[in-house]
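Chemist: Just the structure for this:
(2 chains)
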Amino acid sequence: MKPKSPWHLLLFIGISAMIFSCKKTETSTIEAYKTNLQIHVSHRVGGLNLLYDTIKYTNLAGNKYSLTLLEYYISEISLRKEDNSYVNCQGSFYINPALNQVNIQLSGMAPGRYTGIKFYIGITPLNNVFGVLEATTENTNMQWPEPLGGGYHFLKMEGRYLDSTNIPRGFAMHIGSNEMLIQHQIIPVNLEVNEQNICFTNLVMEVNEWFKNPYTYNFEKDGNYTMAITPLMNLLKNNGYDVFSKPE
Amino acid sequence: MMYLANQNKHIILLWVAVSLVACKANETPEAAKTYPTPYTLEVPRGFPNPKLSTTNPLTVEGIELGKRLYNDDILSTNGRSCTSCHQPINSYSSPLFTSWSGITYSVPPHINLGFKSSFNWDGSQNSLDTLGMGDFEPEFFNTDPVLLFKRLSEHPIYSDLFKKAYNIANVNDLTYHELKKKIAMAIAQYLRSRVSANSKFDQFRRREVLLDNLEYEGYVIFFSEKGDCFHCHTEPLFTDQQFHNNGVSNTYTGFNRGRFAITGKDADMGKFLTPTLRNISLTAPYMHDGRFKTLEEVVDFYDSGVHANGYVDPLMTKTNGERELLLTPLQKLQLIAFLKTLTDIGYTQ
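Modeler: Residues are numbered from 1 along each chain as shown, chains lettered A, B, ... in the order given. All right, here's what the predicted structure looks like:
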């Protein structure tokens, strides 16, 4: 029997410390409500739950592919109220389904009904500076090197695809640097937040959405490696505004 | 002798009385000083939280005990200590070790181990606290339990340190298993306390020195898509603590199977725990089996020797399927010059 490492404990503390509170915009008084919202993020490819390491997915361009890694940040979540005003939640959340880091905890928003969620994929410019995020293993592994501008990777998605001769080749779709920050479109929700219960909701990322609409991305034709290649990162950025949705 | 007025004598007496009491009060905590003394690890700026152990917290006496045991052949019957294979001059590694079963290992260095969560090339160990227990086997220390108990219990310093560090009045009260465990724990404390963060590159980061031209250009290659080393050899530990197949092998048998040997998962074929590059100039030869003798060979490998099979890490594939870095001879020199800035000589002394 191997003893369980304290790593799990640290991870837990890390996650608990990531509960950020939300503020209504245009008001100067900070209302501290005892409200909690937990967003669970799940990941699908072609409608199927994400399974790593098997070349069984197909994107719109027809590439057969697998995923070996998927990690990214979500930041500055805004919740839309019924009157169309927004409550902004500061901070960023590291998401990695392989580590089961898939829950976002928000707190302190005014009780009431919320009708929409929007957020950025990536790290907003103020925090997208080398060494600003806490030096966890996850954050340091997401560092975007200083010679390339510094900051953090917004997204790393890696895997293998079959080339035209059916040989598996690697791909690494990496996005980073301020111009590549992805503003996700608003996702309609219907949330009743109160001070008595934790409000739960969930979002789904459909990985295939990264490779279509507007641009049908083809690993073989367009490029299998995007790190710091602006035109390629731009294609993914433009495809990325609608990768999340609220499951039925 | 000084003249004292009568009334002053009383004051003096009072003062003496007070100080007697005070002395006593001071002595009490001294006499009641409890061991072990907690030890706080100083974590360099930018480093992750160390992976400390709640069941084996760092203490001054535990570290001292571990340090002595680590360097001492008292544990073995063949003259070996940990430092026989983990030699200070090689950043606590040594060139090669061939096991009885015929596997040749490049001995990994001991550097910033307190930040790691998996150990050995294939990550076969998760706990530094128990890792050292394997070294008592015939293949390594060939320890004689009876002799070990005798030597340790008769040794005044060790008896004292076992008492202070682990409240063990007499090591003879332990079973052999318990004794090995305590020894491994003390050594683990010592290894966790050993932090290296004073290479030229660290000093550059702290803005204390500049890199020369060659080193700086190498730094840019390392940390850009040109060399693309940083994705796996991540700052500040120069390992991302993940398993990767970096393409050194094309066929997978024995040790070359890497992580697969532990998990049995096809996806883990040929993967190894990314080694740190700190003190890399001191730890030749390179890779799990020491197949490359020099950093020149390593850089040539990354430049044009990566095996393009279905197991190689996706990161090893560059734009449009290209697996070559196309570095010029000058760029190779620059990259090596940068790798040499990761040397912290002070750590080895």
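Chemist: what residue ranges in chain A score low on pLDDT?
Modeler: For chain A, applying pLDDT under 70 flags the ranges A:1-20, A:24-31.
Chemist: in it, what residue is nearest chain B?
Modeler: residue A:170 (3.0 Å; CB to the nearest CB). C-betas here are computed from N, CA, C, even on glycine.
Chemist: burial measure for that residue, as a count.
Modeler: Neighbour count for residue A:170, taken as other CB atoms under 10 Å in any protein chain shown: 23.
Chemist: Which strands and helices lie in contact with the helix or strand harbouring it?
Modeler: Secondary-structure element containing residue A:170, defined by DSSP states H and E: strand A:168-176. If contacts are counted by 3 or more CB pairs under 8 Å, 6 or more residues apart in numbering or on different chains; DSSP states H and E, strand A:168-176 sits against strand A:153-162, helix A:230-239.
Chemist: Okay, angle between the first one and strand A:168-176 too, please.
Modeler: Think strand A:153-162. Angle of strand A:153-162 versus strand A:168-176, following axes from the mean of the first three to the mean of the last three CA atoms, to 10 degrees, is 170 degrees.
Chemist: okay, now residue B:297: neighbour count?
Modeler: Residue B:297 has 15 neighbours, counted by other CB under 10 Å.
Chemist: and the next element down the chain from the helix or strand hosting it?
Modeler: Assigning secondary structure by DSSP H and E places residue B:297 in helix B:295-300. Counting by DSSP H and E, the element after helix B:295-300 in chain order, helix or strand, is helix B:329-340.
Chemist: near chain A at all, that next one?
Modeler: No - judged by CB under 8 Å from any CB of the partner chain, helix B:329-340 stays clear of chain A, getting no closer than 11.3 Å.
Chemist: list the buried ones in that helix?
Modeler: B:331-340 (16 or more other CB atoms under 10 Å in any protein chain shown).
Chemist: Which of those sits closest to residue A:37?
Modeler: Lowest distance from residue A:37 to the buried residues of helix B:329-340 (CB to CB) belongs to residue B:338, with 46.2 Å.
Chemist: Wait, that closest one touches residue B:224, no?
Modeler: No - Residue B:338 is beyond contact range of residue B:224, at 11.6 Å (criterion: CB atoms under 8 Å).
Chemist: can you pull the contacts of the closest residue to chain A within chain B?
Modeler: Closest residue of chain B to chain A, CB to the nearest CB: residue B:314 (3.0 Å). With contact taken as CB atoms under 8 Å, 6 or more residues apart in numbering or on different chains, residue B:314 is in contact with A:68-69, A:158-160, A:170-172.
Chemist: So what's the residue count around residue 144?
Modeler: In the absence of a named chain, chain A is used. Around residue A:144 there are 25 residues (other CB under 10 Å).
Chemist: let's do chain B instead
Modeler: 13.
Chemist: For residue A:173, which residues count as its bridge partners?
Modeler: According to DSSP bridges, the partner residues bridging residue A:173 are residue A:157.
Chemist: roughly how far apart are it and residue B:137?
Modeler: 46 Å (CB to CB, to the nearest Å).
Chemist: Counting neighbours, go ahead and name the busier of the two.
Modeler: The neighbour comparison of residue A:173 against residue B:137 (other CB under 10 Å) goes to residue A:173, with 26 against 11.
Chemist: Enumerate every residue touching residue 240.
Modeler: Using chain A. By CB under 8 Å, 6+ apart, the neighbours of residue A:240 are A:121, A:155, A:175, A:182, A:184, A:209-210.
Chemist: The chain in question should be chain B.
Modeler: A:137, A:140-141, B:231-234, B:274.
Chemist: Can you tell me the closest non-neighbouring residue to it?
Modeler: Residue nearest to residue B:240 in three dimensions, not counting chain neighbours: residue B:234, with 4.3 Å by CB to CB, 6 or more residues apart in numbering or on different chains.
Chemist: ok, now residue B:76?
Modeler: Once flanking residues are discounted, residue B:76 sits nearest to residue B:141: 3.5 Å by CB to CB, 6+ apart.
Chemist: part of a strand, is that neighbour?
Modeler: No - Residue B:141 is assigned coil when assessed by DSSP: H, G, I helix; E, B strand; the rest coil, not a strand.
Chemist: Contact residues of the stretch 101-250 of chain B facing chain A?
Modeler: B:117, B:125-127, B:129-130, B:219-220, B:223-225, B:228, B:230-231, B:234-237, B:240-242.
Chemist: so where do the helices sit in the chain?
Modeler: Since no chain was named, I'll use chain A. Taking DSSP state H to define them, one finds helices in chain A at A:7-17, A:137-141, A:219-222, A:230-239.
Chemist: that answer is for a different chain, and I need it for chain B
Modeler: B:6-31, B:60-71, B:82-85, B:128-131, B:145-154, B:156-166, B:176-193, B:200-205, B:213-222, B:260-263, B:295-300, B:329-340.
Chemist: Now do the buried residues in the lengthiest strand in chain A.
Modeler: Identified as the longest strand of chain A according to DSSP state E is strand A:64-81. For strand A:64-81, a neighbour-count test (16+ other CB under 10 Å) marks A:64-81 as buried.
Chemist: wait, residue B:100 sits on residue B:137?
Modeler: No - with contact defined as CB under 8 Å, residue B:100 does not count as touching residue B:137 (9.7 Å).
Chemist: before we move on, the earlier item: for the residue of chain A closest to chain B, list the residues it contacts.
Modeler: A:158-160, A:224, B:312-317.
Chemist: Likewise for residue A:77?
Modeler: Contacts of residue A:77 by CB under 8 Å, 6+ apart are A:22, A:39, A:88-89, A:104, A:106, A:117-119.
Chemist: re earlier: adding pLDDT and distance to residue B:266 as columns, could you present the buried residues of helix B:329-340 in a markdown table?
Modeler: Output for these, formatted as a markdown table (pLDDT from 0 to 100; distance: CB to CB, whole Å):
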| residue | pLDDT | distance to residue B:266 |
| --- | --- | --- |
| B:331 | 98 | 36 |
| B:332 | 98 | 34 |
| B:333 | 98 | 39 |
| B:334 | 98 | 38 |
| B:335 | 98 | 33 |
| B:336 | 98 | 35 |
| B:337 | 98 | 39 |
| B:338 | 98 | 35 |
| B:339 | 98 | 32 |
| B:340 | 98 | 38 |
